[in-house]
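K.L.:
Quick one: sequence and predicted model below, then my questions.
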Number of protein chains: 4
Amino acid sequence: MNFRSDNESPAAPEILEALAHANHDSAHSYGADRYTAQLQTRFQELFECDLTVYPVATGTAANALCLGELAPPYGAVYCHSKAHIHVDECGAPEFYSGGAKLIGLNGEHGRIAAETVNKTLTATGYHGEHESVPAVLSLTQATEAGTLYAPAAVAELAAIAKKAGMAVHMDGARFANALATLGCSPADLSWRVGVDMLSFGATKNGGMMSEAVVDFRPTAERPPHESLRRRRMRGGHLLSKMRFLSAQLLAYVEDDLWLRLAAQANAGAARLAEGLAALPSVRLAHPVEANEVFAYLPEPLAEALAAGGVEFHRWPGSDGLVARLVVPHCVTEADIAWLLAQATAAA
Amino acid sequence: MNFRSDNESPAAPEILEALAHANHDSAHSYGADRYTAQLQTRFQELFECDLTVYPVATGTAANALCLGELAPPYGAVYCHSKAHIHVDECGAPEFYSGGAKLIGLNGEHGRIAAETVNKTLTATGYHGEHESVPAVLSLTQATEAGTLYAPAAVAELAAIAKKAGMAVHMDGARFANALATLGCSPADLSWRVGVDMLSFGATKNGGMMSEAVVDFRPTAERPPHESLRRRRMRGGHLLSKMRFLSAQLLAYVEDDLWLRLAAQANAGAARLAEGLAALPSVRLAHPVEANEVFAYLPEPLAEALAAGGVEFHRWPGSDGLVARLVVPHCVTEADIAWLLAQATAAA
Amino acid sequence: MNFRSDNESPAAPEILEALAHANHDSAHSYGADRYTAQLQTRFQELFECDLTVYPVATGTAANALCLGELAPPYGAVYCHSKAHIHVDECGAPEFYSGGAKLIGLNGEHGRIAAETVNKTLTATGYHGEHESVPAVLSLTQATEAGTLYAPAAVAELAAIAKKAGMAVHMDGARFANALATLGCSPADLSWRVGVDMLSFGATKNGGMMSEAVVDFRPTAERPPHESLRRRRMRGGHLLSKMRFLSAQLLAYVEDDLWLRLAAQANAGAARLAEGLAALPSVRLAHPVEANEVFAYLPEPLAEALAAGGVEFHRWPGSDGLVARLVVPHCVTEADIAWLLAQATAAA
Amino acid sequence: MNFRSDNESPAAPEILEALAHANHDSAHSYGADRYTAQLQTRFQELFECDLTVYPVATGTAANALCLGELAPPYGAVYCHSKAHIHVDECGAPEFYSGGAKLIGLNGEHGRIAAETVNKTLTATGYHGEHESVPAVLSLTQATEAGTLYAPAAVAELAAIAKKAGMAVHMDGARFANALATLGCSPADLSWRVGVDMLSFGATKNGGMMSEAVVDFRPTAERPPHESLRRRRMRGGHLLSKMRFLSAQLLAYVEDDLWLRLAAQANAGAARLAEGLAALPSVRLAHPVEANEVFAYLPEPLAEALAAGGVEFHRWPGSDGLVARLVVPHCVTEADIAWLLAQATAAA
């Protein structure tokens, strides 16, 4: 059973149905279709504001486009030292920004502390044009450690960033999982707390290959020439048959599908964490707040699980290797029970 | 009826079925799945050589990745002055190559003549490091004017390029249409006639969103560190659920689906061209060799067609605006008959 | 005798004296010295406006910094098809702009015609984000063919550009030569006729290694974070001992040195052109308006000159190779007389 | 008296004389002059090997060109967390490399420990194309903390790097100061201990504006098309009157001028350090091994020095602000005596 990554789960049936539905007849290309138009309206309702949404096929594309738009080549992007944009994208943000500098900030459990940003900013700005300009603060939600920023935490960080003239980006690869746990509205976790651009993830949570850049910036504050649109084009991320991305995203948010799937994954993770933590030899590495469980497992237990067919990643942790178990949207109670039974037997 | 672009056609049913089929169970992410492995083997059989295939979601991504791989930042890419890479990708090749220079060569009916490449090369190389280095010759197949390069023509051009130390790229957005007309094997139209890297198009010809970079270069001649793989990653073009791209491409070439669809489109275009050319007031702008018809239409005829529900683009031609009618893979004989009836009535 | 390029002439004695003068004592680095401060004031007087001047060591640096500042990565730069920025800088503008596209416009005698810009713009803008955005019009003054744009011509071109939302750059590698012929003020040939940024050349006209970017844009219209200053830094063009660039530029404009040197070179070129044109076998390729003479020479004459010790370049012309003879700032009447005597004897 | 930076010192008289000497007559441009040819030979003798030297006007240019040549866009550059290339060049290495990632390694007294490189490499390479490829190890000599790497230390670090497939760059902004202290030959501190490319500094040590890239790589192992030469051109770093850079560098190494100047600066720093350390309230922050003294000064002492006319920078140290006093090549014994007298009086 695959707990390696939510990237490895199948797409939700609703997503496939949406593709089939969008496949009737011809449709104008490059986003001039009715699905993409509808998506625009739908996301404005969902986020309760006048945003622009740009569907793309990958989360790295969404992140890199956001950062390339927000950071000038001579800018610096502050992010967690373990942020996906910093360690898992082979330099995509550097590429799309024309060579901006990513500055990894340490922080417990995957979260950047307000005090760390303050301290970094305080040590900055004394050396004129020799320094990169702090340009963007990027937060991952849920974090790479499976934890969350509450709306107030985002607001506090965003306020610091804004005061320093920085824009705020949110890598929302697991944005739905964050919402499902926090129980707040999409707006309350994004623009209302200072997020300028959001990488809106769907693929990990039941999508097939559909993510989006959501641009909350007031139109008047955006660069001219529809900058982002052109950056997407020259990045090779404007799909000719765009309707098939938009249709996925429409289905994803229809009838709260995304929140239901995320809640299911999160609940599975919570049960799994609880069950594992109850084993005397196991210790959780991070609080489990979304759909990821990071746990220090004794080596024999890890091996027994692997031998029993549980697929998971081993991750470098502060205190030896930790097992990362990611719970997919399609998990069942039986799956978790089976895994816990295996673990209990082996422990 | 939509003759605007083959980009606007639906996906073939086989493609949708393949997606559904690939959606069972989990699969390793980022291309470590069995569909992607199978695609590798399948393309090696198809092209009769030891190639590497990299699925991506768009043709611009395929082109830009190829050119970024083949052209150093201080290189020049020779292409037709109307090439998609030069005028329709908002600078994607410049972006992916780190600032290479595209040099547009004029040529009748969308084709670059061997003599033009020779002449350009002859005027080059006198000014040392002040000049960009001729690095890549890029050919579009079928061309932007709907015409073809026969294998011998590709071979002649490639030989000139190779002698000058240049690599050869083929933008095969309509590679299937070219094969369908020319009746040669994929190998005979690519590596056997000197093509180093091919942008393999599927989306326009019944795919949903799946293209590929096909790298024919011997492994020993490729840059180290799996350069192309990393360029794809940092371009944001490595799909986490890669199986859904690979599955499309597998279905696309299964049982010659791609060639059948292309033949159907080409046949429709041929009938359409014949019918239009028979009208006294109409003149073809280019030979019709694939699935695109470029025709000078008298303005009243153009307007009558549009009013009758025929969607097409008006294109800047050498002698006024020309109508571009692109025939999709799903065209029927009745569709063409209907269009010709409209035209005949209006003429 | 060297008529190959004004780049090959020595520096004027005043420039060397200025270096020696600036070498007393220590001075703050990176432009925080009194020479650089004085340069700022001096250029504001000279150009009669509130500009910012950034000294750099090469003309290519000045051009590339201007274009990188004015053109977004998805922008297009219109220039003459023979412009130095297009054919002699190995892609520097593409590099500094993050991959903008240079569009070479043909034009007689090195000049771009207003009608050509209009025609190019008219054919642009129909294809949305697929096209690069026209962002900059770059004019070379004197042109690469040794001709000039009169102030009214610059104004006409700039007005067209501005109307289209484009900025105007002037490559003034031989700006002094242009002023010397046209007899107008620096302001009349730059910001007053719509130039936004000027590459101010000194090296060819008696400087040692000192050029400058002159930014006429109102401060409020410049990008934030002193964008240009940071681009210069990351381009490696901020000299630590900046005083030695600034001191050169101060000496260069002191007591009209630059205009006197340019006038001398121009006068030499005029005499040379007149003398050559009087020979029955010689024909000028371009009007001689600055310090460059382009002439079709019969091959035996060209060879006789070379054999007699006259160094010059042979240039590809519209009608065979032309001799380019560049007259340096330090030319004497005797030099020209000697050259003409050689030519007359050989003709 | 200026102890702010060796960048703020005047040029040595020999440098000015060399400029005057090189100013007679014309010389071919862009490095085709006899000074540049002579420099090539002279550096080959000096370094006892078959190298190529490329003069440039700034140290940032030299560094960025080296890193752009050695690191692919998808590469990582390991350097000290306080390295000039990482914190003082506004992203120049990112720019020239097309977006490589700089990874700052902590290390005492400005030095990177072999163990740290080993540890970093050990944690690398598990994540395929998602990670940037370790491509270059960059060492600063003397370090940003005014300390040195002995030849054996460079050799040990270089061996680790080479084993991991990385190239080795040395930022030798104060290479002469390192040689003067270590007493070894230029070869022994560069290619013989594994350095592939050296940024050879002269400006800080009596030069006016002349640095150089020294490329020790065997010709056969360099990229084709004289890659570095073209990168220099498109960076805007090919001076037209190149002789004036080359002449500076020739004078700089003539009769060991560079080593004499560096020895003088180092001796001054040693005396200064000794004198300061003898004061009960002062503590050195780093060993003084070249021409820089970093010292924790009590605030009243720092203020008294400043009030007495001693110019120096206050630097963020591990334990409060430290004073950085840089001793220039032109220092006299009296200068140091005066400074120490001031300090003693104030302490």
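P.N.:
Right, received. Where do you want to start? The model shown is predicted, which means the values in this text are computed figures rather than measured ones.
K.L.:
Around chain C, pick out the residues from the stretch 101-250 of chain A.
P.N.:
In this structure, the stretch 101-250 of chain A approaches chain C at residues A:128-130, A:133, A:165, A:223-227, A:229-234, A:238, judged by CB under 8 Å from any CB of the partner chain. From N, CA and C alone the C-beta is placed, and that goes for glycine too.
K.L.:
how about a cut-off of 7 Å?
P.N.:
A:129, A:130, A:133, A:225, A:226, A:227, A:229, A:230, A:231, A:233, A:234, A:238 (CB under 7 Å from any CB of the partner chain).
K.L.:
Buried ones among these?
P.N.:
Buried subset of those (neighbour count, 16 or more other CB atoms under 10 Å in any protein chain shown): A:129, A:130, A:133, A:225, A:226, A:227, A:229, A:230, A:231, A:233, A:234, A:238.
K.L.:
Return only those of those found close to chain D.
P.N.:
A:129, A:130.
K.L.:
part of a helix, is residue A:137?
P.N.:
No: counting by DSSP: H, G, I helix; E, B strand; the rest coil, residue A:137 falls outside a helix, being strand.
K.L.:
and it, what are its bridge partners?
P.N.:
Counting by DSSP bridges, residue A:137 forms beta bridges with residue A:78, residue A:168.
K.L.:
Which pLDDT does the model give it?
P.N.:
At residue A:137, the predicted lDDT confidence score is 98.
K.L.:
pretty sure it contacts residue A:168?
P.N.:
Yes: counting by CB atoms under 7 Å, residue A:168 is a contact partner of residue A:137 at 5.3 Å.
K.L.:
Can you tell me the closest non-neighbouring residue to the residue in the stretch 151-300 of chain A that chain C sits nearest to?
P.N.:
Residue nearest to chain C within the stretch 151-300 of chain A: residue A:230 (3.9 Å; CB to the nearest CB). Among residues not flanking residue A:230 along the chain, residue C:74 sits closest, at 3.9 Å (CB to CB, 6 or more residues apart in numbering or on different chains).
K.L.:
my guess is the one you found meets residue C:133, correct?
P.N.:
Yes: counting by CB under 7 Å, residue C:133 is a contact partner of residue C:74 at 6.0 Å.
K.L.:
The helix or strand containing residue A:266: how far from the chain's middle?
P.N.:
Using DSSP states H and E, residue A:266 sits in helix A:257-277. Chain-centre distance of helix A:257-277: 17 Å, with CA atoms, centre = their mean, to the nearest Å.
K.L.:
Strand partners (parallel or antiparallel) of the helix or strand of chain A with the lowest mean pLDDT?
P.N.:
Across the helices and strands of chain A, mean confidence by mean pLDDT, DSSP states H and E is lowest for strand A:313-317: a mean of 80. As defined by DSSP bridges, the strand partners of strand A:313-317 come to strand A:320-326 (antiparallel).
K.L.:
following the partner strand, which helix or strand comes up?
P.N.:
Beyond strand A:320-326 on the C-terminal side, the first helix or strand identified by DSSP H and E is helix A:333-346.
K.L.:
got the angle between that following helix and strand A:320-326?
P.N.:
If you take axes from the mean of the first three to the mean of the last three CA atoms, to 10 degrees, helix A:333-346 sits at 150 degrees to strand A:320-326.
K.L.:
how about helix A:333-346, does it reach chain B?
P.N.:
No: counting by CB under 7 Å from any CB, chain B is not contacted by helix A:333-346; separation bottoms out at 11.2 Å.
K.L.:
Just the buried positions in that helix, please.
P.N.:
By 16+ other CB under 10 Å, the buried positions in helix A:333-346 come out as A:335, A:336, A:339, A:340, A:342, A:343, A:346.
K.L.:
The first one touches residue A:2, doesn't it?
P.N.:
Yep, that's residue A:335 we're talking about. No: when contacts are counted by CB under 7 Å, residue A:335 is not listed as touching residue A:2 (9.8 Å).
K.L.:
Now do residue A:5 against residue A:175, distance only.
P.N.:
17 Å (CB to CB, to the nearest Å).
K.L.:
Do you have the helices of the stretch 101-250 of chain A handy? List them.
P.N.:
For the stretch 101-250 of chain A, the helices defined by DSSP state H, counting those that start in this stretch occupy A:114-122, A:151-163, A:175-182, A:227-234, A:243-253.
K.L.:
Tell me which of those sits nearest to residue B:247.
P.N.:
Using CB to CB as the measure, helix A:243-253 is the one of the helices of the stretch 101-250 of chain A that comes nearest residue B:247, at 14.0 Å.
K.L.:
I'd like the average pLDDT over that closest one.
P.N.:
98.
K.L.:
contacting residues around residue A:167?
P.N.:
A:70, A:135, A:136, A:196 (CB atoms under 7 Å, 6 or more residues apart in numbering or on different chains).
K.L.:
now do residue A:283
P.N.:
Per CB under 7 Å, 6+ apart, neighbours of residue A:283: A:295, A:296.
K.L.:
Who is it paired with across the strands?
P.N.:
Going by DSSP bridges, residue A:283 forms beta bridges with residue A:296.
K.L.:
What residue, apart from its backbone neighbours, is nearest residue A:236 spatially?
P.N.:
Counting by CB to CB, 6+ apart, residue A:236 lies nearest to residue B:61, which is 3.2 Å off, once chain neighbours are set aside.
K.L.:
before we move on, what about residue A:40?
P.N.:
Leaving aside its chain neighbours, residue A:40 sits nearest to residue A:53 (5.9 Å; criterion: CB to CB, 6+ apart).
K.L.:
Other residues contacting the host helix or strand of the one you found?
P.N.:
For residue A:53, the host element (DSSP H and E) is strand A:52-56. By CB under 7 Å, 6+ apart, the surrounding residues in contact with strand A:52-56 are A:39-40, A:43, A:62, A:65, A:210-215, A:228, A:232, A:237, A:242, A:245-246, A:249.
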